[in-house]
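K.L.:
Pasting a predicted model and its sequence here:
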Amino acid sequence: MKNKVLGYSLLRLILLAAGIFLIYHLAFYFLPKNIQEDQFSFVGELDLIVDLILIFSIAYSTFIYLEYRKFRKNRQFDLSKTALVILVISLLIVISSFFLSFKL
């Protein structure tokens, strides 16, 4: 069971990190051309990165919460505890990106 929990947690954390990594590196291409060619395009890119991370982390948190409920229903308590820890991590990302998106 320990191996199953480790595999689950590593896979979910890698998916979270990969999603944020892809958003960070591909956000420039979602900007309009006039902002891309501007001298201060990094400000628009940073704002877009924070907004996209907010959307992604809300969707990811919802997915993890549904998995948490499924594990609790099936009485897989080790996996549900792991899902709860990952849910807390993703909720911290949601809260921080929420505050950053309205402070920028």
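P.N.:
Received it, and whenever you're ready, just let me know what you need. The model shown is predicted, which means the values in this text are computed figures rather than measured ones.
K.L.:
Which helix or strand lies directly C-terminal to the lowest-mean-pLDDT helix or strand in the chain?
P.N.:
Sorted by mean pLDDT, DSSP states H and E, the helices and strands of the chain end with helix 33-36, the least confident at a mean of 78. Downstream of helix 33-36, the next assigned helix or strand under DSSP states H and E is helix 41-73.
K.L.:
Tell me the helix or strand right after that following helix.
P.N.:
Assignment by DSSP H and E places the next element after helix 41-73 at helix 77-103.
K.L.:
Report the buried residues of that next one.
P.N.:
79-80, 82-83, 86-87, 89-91, 93-94, 97, 100-101 (16 or more other Cβ atoms under 10 Å). Any C-beta I mention is one placed from the backbone N, CA and C, and that applies to glycine too.
K.L.:
in this protein, what spans have low per-residue confidence?
P.N.:
1, 104 (pLDDT under 70).
K.L.:
again, only this time at 90
P.N.:
1-4, 27-48, 102-104 (pLDDT under 90).
K.L.:
number of nearby residues for Ala27?
P.N.:
The number of residues packed near Ala27 is 19, by other Cβ atoms under 10 Å.
K.L.:
Please read the previous query as pertaining to Phe28.
P.N.:
15.
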